[in-house]
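**Q** coords below, sequence missing:
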Ligand SMILES: [Zn+2]
């Protein structure tokens, strides 16, 4: 067990903060992962909130830190751990990826202690999470160019022993617009190593884990922060860490089994006809590309109904850039009551 697990195992109501050393910069400045621990008076499960893996995604960090501040360890049976950033160099640089190696941290777990710096921070985190976290939430937002209502993403790991129903029950605490089941094979979403996601590697380690997507990057969105804080409390009650009835979670989830991106054929200024979260019917177009010669070209109409997971809010687009993230197949799932 790592440093955080040792601190939790010592027992007794307490709160602390520290940092996990990974290495150092040429200047001598440390590369380290900050953490906050709230240890309950009585033993119980551990809820772990991972504020960001992508450096420009801020809402989750704020929500997790505020939630930790509001807890009374005397009232808790179990623990809370917050690792506000898993990617401190990307946070400092206000960008998604670490500028020193350009790797995507959420494709780099479980990491490598002898690898590039992104692989090293991934490894440092996994060493602490394994055997300690009962539930881990991998907090994200969409990129700064998009709007999106809060939604969740989950995966299935064949050896985790964690049932889809248990994942859905945890995600329901956040009233997500959609709960997207992501196939690790990718199925044409974006290129990359989906199996390197933190939540997938946590599932492999027996921790119930999913992604909570809280709106847009590079900004503070108070409504999304508030939704996350309320959901953390609901989940902590459901886990028995906080006293009281489990309370408000949604009775239905719309699970998504296939999704994809709409990209622009030609450059121009994208003017949408709809909003993020909308359902778009077959035959409808999501908007127009306004050319700088004054021309107006509709985006090709949908071949089938879709739900807009996210929609571009920055109108400047080039060929191949993303206009919308769309759910193409979904089902409405009733959840067992608590
Ligand atoms: Zn992200």
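**A** Received the coordinates, thanks. For clarity, every value in this text was computed on a predicted model and none was experimentally measured.
**Q** which is the next helix or strand following the longest helix seen in the chain?
**A** Longest helix in the chain, counting residues (DSSP state H): helix 222-238. Following helix 222-238 in sequence order, the next helix or strand is strand 252-263 (DSSP states H and E).
**Q** centre of the chain versus that following strand, how much separation?
**A** 16 Å (C-alpha atoms, centre = their mean, to the nearest Å).
**Q** Ok, stretch 314-329 next?
**A** Centroid separation for stretch 314-329 versus its chain: 20 Å, with C-alpha atoms, centre = their mean.
**Q** what mean pLDDT does it have?
**A** Mean pLDDT, stretch 314-329: 98.
**Q** Ok, stretch 65-73 next?
**A** Stretch 65-73 shows a mean pLDDT of 98.
**Q** what comes up buried for that stretch?
**A** Residues of stretch 65-73 classed as buried by neighbour count (16 or more other C-beta atoms under 10 Å): 65, 67-68, 71, 73. Every C-beta, even on glycine, is put in place using the N, C-alpha and C of the backbone.
**Q** low-confidence ranges in this protein?
**A** Along the chain, segments meeting pLDDT under 70 span 186-188, 337-338.
**Q** Run through the residues of it sitting next to the ion.
**A** Along the chain, the residues adjacent to the ion under the rule C-beta under 5 Å from the ion are 54, 57, 140.
**Q** Just those residues: which are in strands?
**A** Those of the residues of the chain next to the ion mapping onto strands are residue 140, per DSSP state E.
**Q** Please identify the helix or strand for the closest residue to residue 226 other than its chain neighbours.
**A** Using C-beta to C-beta, 6 or more residues apart in numbering and skipping residues adjacent in sequence, the residue nearest residue 226 is residue 63, 7.9 Å away. Using DSSP H and E, residue 63 maps to helix 59-70.
**Q** go on, residue 28?
**A** Applying DSSP H and E, one finds residue 28 in no helix or strand.
**Q** How about the one 3 residues further on?
**A** When secondary structure is defined by DSSP H and E, residue 31 falls within strand 30-39.
**Q** Report the buried residues of that strand.
**A** By neighbour count with 16+ other C-beta under 10 Å, strand 30-39 contains the buried residues 31-33, 35-39.
**Q** next one: stretch 3-17
**A** 4-5, 7-8.
**Q** how far does it stretch from start to finish?
**A** One end of stretch 3-17 to the other measures 12 Å (C-alpha to C-alpha, to the nearest Å).
**Q** Is there a neighbour count for the spatially closest residue to residue 172 that is not a sequence neighbour? I'd like the number.
**A** Once flanking residues are discounted, residue 172 sits nearest to residue 249: 4.2 Å by C-beta to C-beta, 6+ apart. For residue 249, the neighbour count with other C-beta atoms under 10 Å is 22.
**Q** so residue 249 sits right up against residue 238, yeah?
**A** Yes. If you go by C-beta atoms under 8 Å, residue 249 and residue 238 touch, sitting 7.3 Å apart.
**Q** how about the strands in the stretch 101-250 of the chain?
**A** 135-142, 146-147, 151-154, 179-181, 208-216 (DSSP state E, counting those that start in this stretch).
**Q** Export those as a markdown table, with columns for mean neighbour count.
**A** Putting these into a markdown table (neighbours: other C-beta atoms under 10 Å) gives the following:
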| stretch | mean neighbour count |
| --- | --- |
| strand 135-142 | 27 |
| strand 146-147 | 20 |
| strand 151-154 | 26 |
| strand 179-181 | 22 |
| strand 208-216 | 26 |
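**Q** what ranges do the helices span in this structure?
**A** Under DSSP H, the chain gives helices at 3-9, 59-70, 88-92, 117-129, 164-171, 198-204, 222-238.
**Q** which of those sits most buried?
**A** Most buried of the helices of the chain, by mean neighbour count (mean count of other C-beta atoms under 10 Å): helix 198-204, with a mean of 26.
**Q** distance between that helix and the chain's centre?
**A** Chain-centre distance of helix 198-204: 12 Å, with C-alpha atoms, centre = their mean.
**Q** Adjust the sequence numbering to begin at 415 for everything that follows.
**A** That works, and once the first residue is 415, the last one we named lands at helix 612-618.
**Q** quick one: contacts for the nearest residue to residue 673 once chain neighbours are set aside?
**A** Sequence neighbours aside, residue 741 is the residue nearest to residue 673 in space, at 4.9 Å (criterion: C-beta to C-beta, 6+ apart). Shown in contact with residue 741 (C-beta atoms under 8 Å, 6 or more residues apart in numbering): 592, 594, 670, 672-673, 720-723.
**Q** One more: residue 731?
**A** 678, 681-684, 703, 737 are the contacts of residue 731 under C-beta under 8 Å, 6+ apart.
**Q** tell me which of the residues of the chain next to the ion is nearest to residue 539?
**A** residue 468 (14.0 Å; C-beta to C-beta).
**Q** Tell me, how many residues neighbour the closest residue to the closest one other than its chain neighbours?
**A** Excluding the flanking residues, the one nearest residue 468 by C-beta to C-beta, 6+ apart is residue 510, at 4.4 Å. Neighbourhood size, residue 510 [other C-beta under 10 Å]: 21.
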